[in-house]
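> Got a sequence here, can you model it:
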Amino acid sequence: IARLKQYLEVVRDQYAGQVNDLTEAWNEHQLDYQFRVMGFSASGTVSVEIESVRVDGKIPLAAMMFRNRIEETLREQLTKAVS
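Numbers count the residues shown, from 1 in each chain. So this is what the prediction gives:
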């Protein structure tokens, strides 16, 4: 969780001009998040377990054609963040 929190700070700074209305709330090992990017809303949860990190999220229908790329990028970035 500590590594993930540090990573989120870096991401927040890196994409400050593109991501708006970011809210995040930690409840023990689960992060609830919501944000807007390029006029679209996204929300979901990140659950941190001992040997895994699970991301469940909702993206707008208009972004569905980018779903595979979004999932791949999240997987790569989270692997780096928690390694």
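> what sits against R12?
Contact analysis of R12 by Cβ atoms under 8 Å, 6 or more residues apart in numbering lists V19, L22. Backbone N, C-alpha and C define where each C-beta goes, glycine included.
> So it: helix, strand or coil?
With DSSP: H, G, I helix; E, B strand; the rest coil as the basis, R12 sits in helix.
> Check the gap between it and R69 for me.
From R12 across to R69, the span is 21 Å (Cβ to Cβ, to the nearest Å).
> can you pull out the helices in the protein?
Secondary structure of the chain (DSSP state H): helices located at 2-14, 67-82.
> Reformat those as JSON lines; add distance to G57 and mean pLDDT.
Below are those laid out as JSON lines (distance: least, Cβ to Cβ, whole Å; pLDDT from 0 to 100):
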{"stretch": "helix 2-14", "distance to G57": "14", "mean pLDDT": "89"}
{"stretch": "helix 67-82", "distance to G57": "9", "mean pLDDT": "89"}
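> closest to R36 out of these?
Closest to R36 of those is helix 2-14 (Cβ to Cβ; 13.7 Å).
> Name the residues of that closest one that come out as buried.
In terms of neighbour count (16 or more other Cβ atoms under 10 Å), helix 2-14 has its buried residues at L4, L8.
> Let me know the angle separating that helix from helix 67-82.
Using axes from the mean of the first three to the mean of the last three Cα atoms, to 10 degrees, the direction of helix 2-14 lies 120 degrees away from that of helix 67-82.
> Would you mind writing the CA trace of helix 2-14 as PDB?
Extracted in PDB, the C-alpha atoms of helix 2-14 (Å, rounded to 0.1, in the frame of the first residue of the first chain):
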ATOM      1  CA  ALA A   2       2.900   2.400   0.800                       C
ATOM      2  CA  ARG A   3       4.500   1.800  -2.600                       C
ATOM      3  CA  LEU A   4       1.200   2.300  -4.300                       C
ATOM      4  CA  LYS A   5       0.500   5.500  -2.500                       C
ATOM      5  CA  GLN A   6       4.000   6.800  -3.500                       C
ATOM      6  CA  TYR A   7       3.300   5.900  -7.100                       C
ATOM      7  CA  LEU A   8      -0.100   7.600  -7.100                       C
ATOM      8  CA  GLU A   9       1.600  10.800  -6.000                       C
ATOM      9  CA  VAL A  10       4.000  10.600  -8.900                       C
ATOM     10  CA  VAL A  11       1.100   9.900 -11.300                       C
ATOM     11  CA  ARG A  12      -1.000  12.700  -9.900                       C
ATOM     12  CA  ASP A  13       1.900  15.200 -10.500                       C
ATOM     13  CA  GLN A  14       2.700  13.800 -13.900                       C
END
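> Noted, bye for now.
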